[in-house]
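Trainee: A structural model of the following input is requested.
(chains A and B)
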Amino acid sequence: MRVCLRRSRRTATPDRGLRLPRAPRLVLPVLILFFILPFARAASAQTEAREEIDTCLTCHADESLTITFGDGTTQSLAVDGSSFAGSVHGETLRCTDCHAGMGDVPHPERTFKNRAEFRAAFRDACRSCHVETYTQSLDGVHDRLLAKGDARAPACADCHGAHDIGKAGRPRAAISRTCARCHESISAAYATSVHGRSLLDAGNPDVPVCTDCHHAHDIADPRATSWLLRTPELCGRCHTNAPLMAKYGLSPNVLSTYLADFHGASASLSAGSGTEPEKGRVTALCIDCHGVHNVMRVTDPDSPVLKANLQRTCARCHPGAPASMPAAWLSHYEPSWQKAPVVYSVKVAYAVLIPFIIGGLVLQILLHLWRLVVNR
Amino acid sequence: MSDLVIRFTRRQRLEHVLVMTTFTLLAITGFPQKFYDASWAHATVALFGGVDRLRLVHRVCGVLFAALAILHVALVSFEVATGRSRPSLVPTRRDFADAMQTLRYYLGLADRQAPFDRFDYRQKFEYWGLLLGGVVMIATGFILLYPLAALQLLPGELVPASKVAHSNEGLMAFLVVITWHIYNAHLSPDVFPFDTSIFTGRISRERMAHEHPLELERIAAAQPPPANHEPALAEKGDSPLLQ
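Mentor: This is a model prediction of the structure:
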């Protein structure tokens, strides 16, 4: 009954409320204004920014403008207006977006002990937009050095540039050049490696650059055990990728075969349990046999893992390694009739023996229990 | 007449406790190395304070186990050679017949199971399984402990082969113990919850009559029932392989 009543009420109040008002003449101009205003405002903002930049450049285009730090060193304060205009920020930011508090001329007095403190101060300017990468970099080795006041440690602008910032990581080859500014010898070794040559000579995008392994912002201390123990995982990221490895005729099983061996199991147990190796040295990791930044093709005559060089490589950790030692390592092959017949036979024998013996014993237990039940 | 019969000497009981302890520790410290990517393996390694210390415990126990095995074989061989004990654990044709008879009994094809002597075929199987498995574990274990020394004498491929054998033989021994031995010593309705004879050295005359009637007969024949209630057998001269 109630339902019926409601329905009838609804139908009883018909079109009157729904009738549209007559469109006023003003609607069209208002709409047009509504759409145009943001562009107009943006245009005016751009003009304002342009004016601000030009104002700053009246002083800061001067090449001789410098600041002197507490330790006596100096830093140029000159800005190239055209390189800023061409940078990623050229069209979006004005000077005071980063240089907050510098809107007044003359600028408020600021003093820095040294260049490191000066650099560090500008990280906060980046933080207001790039919170995520800023937070990551707080965990990095560079920030830790910066916090200690190490003048050599880079802050954001040292790698990315200050006014001439380009798109991060482009081109890829630029990354190793950026790191090379401080890490010269490592970068030189990388340039001779199978990865480095492929990138720098052939522009191959498949190979890793510095930041693929070390990261760009949360860079760990590469001497830390926890970092070293991650190497199988790092190398494995590409070297277990079957389609990628097939492209270069490489095996995607190098990680699984490494882990199945004594060294790999030790690394896995140390990393997984979060414990430090007692003797201060980690077990042999990928990099201990293959090399790190200078890693070579395994067929290279100088490769430390080439069969002819392997005894010497083993001897680095196992002094007095006999000539038969390389044969004790299955060279990342799964045991098979062709590659390691003895190991394969033992494996197959146990794969048959264990189910046979245990199955037989369990069967006998079940028969015994069945007999006891029947006897009751 | 006493209700208890002496079944194991003090030395045999001690041997069992030592083998049990080293075996358990070897399993606890060995399996994390076999299942290196399991979370429980990582937790066990963390408990020991690192893979190096876990391995130290494993190796010390391994060397102890090897010493126990060598001592055992030497002592038993000496006793059998000098006639101080009977080779009662040596498998005979009779054991095969017993196994068949038991199987037929389980399947309802025979009225009663075979009467057993001091050790039945199952106990002999387990003893030789442990001893021969132990030989494999000790030999491969020493190759893995001293790979450089082993490589002076052996072809290189035997080192990874030893690793595969050590790891699988250990797994098999563990599985035999947790199924067969735990069943026969704890879970079997015949002994549930706990066959204490290997710890106390004594077994009830009733169980002897049920499980080892032939040995009970031999004891009765060799020694007329004593007047007092002392145990029927002297501990002296009762050795592992034997009596």
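Trainee: Considering only chain B, name the residue that lies closest to chain A.
Mentor: Here the residue of chain B nearest chain A is B:Gly156; by CB to the nearest CB that distance is 2.6 Å. C-beta here means a position set from N, CA and C on the backbone, and glycine is covered the same way.
Trainee: Not counting sequence-adjacent ones, nearest residue to that residue?
Mentor: Spatial nearest neighbour of B:Gly156, chain neighbours left out: A:Ala327 (2.6 Å); criterion: CB to CB, 6 or more residues apart in numbering or on different chains.
Trainee: Need the pLDDT of the one you found.
Mentor: Among the per-residue scores, A:Ala327 holds a pLDDT of 89.
Trainee: and the closest residue to A:Ala168 other than its chain neighbours, how many neighbours?
Mentor: Nearest in space to A:Ala168, with sequence neighbours left out and distances taken as CB to CB, 6+ apart, is A:His160 at 6.8 Å. A:His160 has 19 neighbours, counted by other CB atoms under 10 Å in any protein chain shown.
Trainee: where's A:His160 relative to B:Asp37, distance?
Mentor: 39 Å (CB to CB, to the nearest Å).
Trainee: Spit out the contact partners of A:Pro319.
Mentor: For A:Pro319, the contact set (CB atoms under 8 Å, 6 or more residues apart in numbering or on different chains) is empty.
Trainee: Look at it and tell me its secondary structure.
Mentor: Classification of A:Pro319 into helix, strand or coil gives coil, according to DSSP: H, G, I helix; E, B strand; the rest coil.
Trainee: so how far is A:Ala180 from it?
Mentor: A:Pro319 is 35 Å from A:Ala180, by CB to CB.
Trainee: again, but for B:Asp117
Mentor: In terms of CB to CB, B:Asp117 sits 82 Å off from A:Ala180.
Trainee: More neighbours: these two, which one.
Mentor: Higher neighbour count among B:Asp117 and A:Ala180: B:Asp117, with 22 against 16, using other CB under 10 Å.
Trainee: burial of residue 97, as a residue count?
Mentor: Answering for chain A, as no chain was given. By other CB under 10 Å, 14 other residues sit near A:Asp97.
Trainee: Hmm, no, I was thinking of chain B.
Mentor: B:Ala97 - counted by other CB under 10 Å - has 12 other residues nearby.
Trainee: Would you confirm that it contacts B:Ala114?
Mentor: Yes. In this structure B:Ala97 lies within contact range of B:Ala114 using CB atoms under 8 Å: 7.1 Å.
Trainee: Would stretch B:97-115 count as contacting chain A?
Mentor: Yes. For stretch B:97-115, a contact with chain A is found by CB under 8 Å from any CB of the partner chain, at B:Leu103, B:Tyr105, B:Tyr106, B:Leu107, B:Gly108.
Trainee: I'd say A:Ile67 and A:Thr111 touch.
Mentor: No. Using CB under 8 Å as the test, A:Ile67 is too far from A:Thr111 to be in contact (9.3 Å).
Trainee: First residue to last residue on stretch A:169-189, what's the distance there?
Mentor: With CA to CA, to the nearest Å as the measure, the ends of stretch A:169-189 fall 20 Å from one another.
Trainee: contacting residues around A:Asn253?
Mentor: By CB under 8 Å, 6+ apart, the contact set of A:Asn253 is A:Thr240, A:His332, A:Glu334.
Trainee: now, among these, which is nearest to B:Tyr183?
Mentor: Using CB to CB, A:Glu334 comes nearest to B:Tyr183 of the contacts of A:Asn253, at 36.2 Å.
Trainee: Phi first, then psi, for the closest one.
Mentor: phi -70, psi 140 (degrees, to the nearest 10).
Trainee: what's the distance between it and B:Val164?
Mentor: Relative to B:Val164, A:Glu334 is positioned 12 Å away (CB to CB).
Trainee: Have a look at these two and say which one is more surrounded.
Mentor: More crowded of A:Glu334 and B:Val164, by other CB under 10 Å: B:Val164, with 22 against 15.
Trainee: Give me the nearest residue to the more buried one, chain neighbours excluded.
Mentor: A:Val346 (4.8 Å).
Trainee: Tell me which residues touch the one you found, please.
Mentor: By CB under 8 Å, 6+ apart, A:Val346 lies in contact with B:Ala161, B:Val164, B:Ala165, B:Asn168.
Trainee: returning to that earlier point: touching, the residue nearest to A:Ala168 and A:Gly169? I think so.
Mentor: No. When contacts are counted by CB under 8 Å, A:His160 is not listed as touching A:Gly169 (10.2 Å).
Trainee: Residue 168 sits in which helix or strand?
Mentor: All of this is about chain A. Using DSSP states H and E, A:Ala168 maps to neither a helix nor a strand.
Trainee: my bad, chain B
Mentor: Element membership of B:Asn168 [criterion: DSSP H and E] is helix B:158-176.
Trainee: now do A:Ser87
Mentor: In this assignment (DSSP H and E), A:Ser87 forms part of neither any helix nor any strand.
Trainee: In space, what's closest to it - neighbours in sequence excluded?
Mentor: Spatial nearest neighbour of A:Ser87, excluding adjacent residues (CB to CB, 6+ apart): A:Ile165 at 4.8 Å.
Trainee: thinking again about what came up before, now the residues of stretch B:97-115 next to chain A: which count as buried?
Mentor: Among those, those scoring as buried are B:Leu103, B:Tyr105, B:Tyr106 (criterion: 16 or more other CB atoms under 10 Å in any protein chain shown).
Trainee: Name the nearest residue to B:Tyr106, ignoring sequence neighbours.
Mentor: Nearest to B:Tyr106 is A:Leu367, by CB to CB, 6+ apart, at 3.9 Å.
Trainee: my read is the one you found is in a helix, agree?
Mentor: Yes. The assignment for A:Leu367 is a helix, going by three-state DSSP.
Trainee: so what's it up against?
Mentor: B:Leu103, B:Tyr106, B:Leu107.
Trainee: Settle this for me: the second one is touching A:Arg371, isn't it.
Mentor: Yes. At 4.7 Å, B:Tyr106 counts as touching A:Arg371 under the criterion of CB under 8 Å.
Trainee: Excluding chain neighbours, what is closest to B:Val176?
Mentor: Counting by CB to CB, 6+ apart, the nearest residue to B:Val176 once its immediate chain neighbours are dropped is B:Gly129, at 6.1 Å.
Trainee: distance of that neighbour from B:Trp180?
Mentor: Taking CB to CB, one finds B:Gly129 at 9 Å from B:Trp180.
Trainee: higher neighbour count, these two?
Mentor: Counted by other CB under 10 Å, B:Gly129 and B:Trp180 do not tie: B:Trp180 has more neighbours, with 21 against 18.
Trainee: Surely the more buried one is in contact with B:Glu126?
Mentor: Yes. Counting by CB under 8 Å, B:Trp180 touches B:Glu126, with 6.4 Å between them.
Trainee: and the direction of the helix or strand A:Val374 falls within versus that of helix B:158-176, what angle?
Mentor: Element membership for A:Val374 (DSSP H and E) is helix A:341-375. Interaxial angle of helix A:341-375 relative to helix B:158-176 (axes from the mean of the first three to the mean of the last three CA atoms, to 10 degrees): 10 degrees.
Trainee: Give me the buried positions along helix A:341-375.
Mentor: Buried residues in helix A:341-375 (16+ other CB under 10 Å): A:342-344, A:346-347, A:350, A:354, A:357-358, A:361, A:364-365, A:368, A:371.
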